[in-house]
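> With the sequence up front, the predicted model follows.
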Amino acid sequence: MDRETIVKSNADIRRNGMIFNAAAAKLGVDATKRNIRFDDLAEEFPQDKVPFLDRESIDEASLTTRQKHWRDHGYVVIPNMIDQSLIDEYIALRKELNLGKAHFSNFTPYVDHDIIRRITLGSNMHEILSEVMGQDMGLHFTLTAFHSTERGWHQDDYLNPDYVYSNYCAAWISLGEINPDAGPFEFVDGSHKWPCVRRHLVQKHLSEEFAMLTDSADGGKGHWAEFAETFVNEAYVRELEEKNCVVSQFLGRPGDVLIWHGKLVHRGSAPNDPSLERPSMISHFSGTTVRSDIGTDIRRNGDDGAYYWHFEKK
């Protein structure tokens, strides 16, 4: 490769993004004055509930190279996983819809657009997800904006129902050159081995007014996790500082894919130059036998592709 796709980040781990800033403005709070620590919000998962590569006692000699890297580091990178012709077709669709840097009108555009299914649900994706997760994984949530989410430090599994227990992963698909000033994906290598922040432990620190909010769409009052970011992000920052953690960035090239563990600590970093595009797609997957809350209409992309939840238009 001409350059490394995983590099050490020089970004300020305390720099907040737009989600934190918007929530703090609404709440009028200073998170640094709330003495809520990572240990107050996190729990270990029961061994009989987690994916096989997360279990303490397994035969590591039988693992593939990719499985060993996942077990040790909490992510894998697959260079050139997505063909350039698929990327070109997707970019053309975005231009046709005049999206600019914006996202599609919902979080499940793969239902309506075959090109998104072909990018995110190919046979190669199914094989790799099965290899590292040990089960069939289904797509149910896709972020398509060409800019950073700017969500602060978190583990994805804390946003899930408590019974998911990291039977969950996500894929960061690079659709162009990722400029380090555009707000790259940042993560802490090996942090999937930490305890996981839990929804019920976070919500008890929110007032009743905010704890049950689930509407973050335009015109809605917001989502509980957005308001929780005012102290959750700070709890992670303190933990990173105390552990003297090294933060890594993913600077993917067109077609490169990073798949990460549901407990890996990560963020969408705030861009140094907000005018820059960050061409990417982020797809979230859950174990198809685990997520009873999503629905029962699970389909497969072709004969050998990955699975996805189908949702009818409302």
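Yep, it's here. Small disclaimer: the values here were computed from a predicted structure and weren't measured.
> Might you report the residue contacts of residue 13?
153, 237, 240, 241, 247 (Cβ atoms under 8 Å, 6 or more residues apart in numbering). Glycine gets a C-beta too; all of them are placed from N, C-alpha and C.
> give me the element the third one is part of.
The secondary structure element spanning residue 240 is helix 224-242 (assigned by DSSP states H and E).
> helices and strands around that helix, which ones?
helix 18-27, helix 38-41, strand 196-197, helix 199-203, helix 208-211 (3 or more Cβ pairs under 8 Å, 6 or more residues apart in numbering; DSSP states H and E).
> Let me know the next secondary structure element after that helix.
Using DSSP H and E, the helix or strand that follows helix 224-242 in sequence is strand 248-250.
> Provide the strand pairings for that following strand, with the direction of each partner.
Strand pairing for strand 248-250, determined by DSSP bridges: strand 6-8 (antiparallel), strand 185-187 (antiparallel).
> out of these, deepest packed?
Comparing the strands paired with strand 248-250 on average neighbours per residue, with mean count of other Cβ atoms under 10 Å, the densest one is strand 185-187 at a mean of 23.
> Now it: average pLDDT?
In this model, strand 185-187 carries a mean pLDDT of 97.
> got it, and stretch 140-159?
Mean pLDDT, stretch 140-159: 95.
> what separates it from the chain centre, distance-wise?
With Cα atoms, centre = their mean, to the nearest Å as the basis, stretch 140-159 stands 5 Å off its chain's centre.
> ends of it, how far apart?
14 Å (Cα to Cα, to the nearest Å).
> now the contacts of residue 13: which count as buried?
153, 237, 240, 247 (16 or more other Cβ atoms under 10 Å).
> lowest-confidence helix or strand of this protein?
Across the helices and strands of the chain, mean pLDDT, DSSP states H and E gives its lowest value to strand 214-215, namely a mean of 71.
> just wondering, since we're on the residue sitting nearest the centre point of the chain, how far is it from residue 38?
In the chain, the C-alpha nearest the mean C-alpha coordinate belongs to residue 170, at 5.1 Å (Cα atoms, centre = their mean). Remark: distance between residue 170 and residue 38 (Cβ to Cβ, to the nearest Å) = 21 Å.
> Give me the phi and psi angles of residue 52.
Backbone torsions for residue 52, taken as degrees, to the nearest 10, come to phi -60, psi -30.
> what about it, how many residues close to it?
13 (other Cβ atoms under 10 Å).
> re earlier: in a markdown table, list the helices and strands packed on helix 224-242 along with mean neighbour count, distance to residue 64 and mean pLDDT.
As requested, the helices and strands packed on helix 224-242 are arranged in a markdown table below (neighbours: other Cβ atoms under 10 Å; distance: least, Cβ to Cβ, whole Å; pLDDT from 0 to 100):
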| stretch | mean neighbour count | distance to residue 64 | mean pLDDT |
| --- | --- | --- | --- |
| helix 18-27 | 18 | 37 | 77 |
| helix 38-41 | 17 | 32 | 96 |
| strand 196-197 | 26 | 25 | 98 |
| helix 199-203 | 18 | 33 | 91 |
| helix 208-211 | 13 | 42 | 77 |
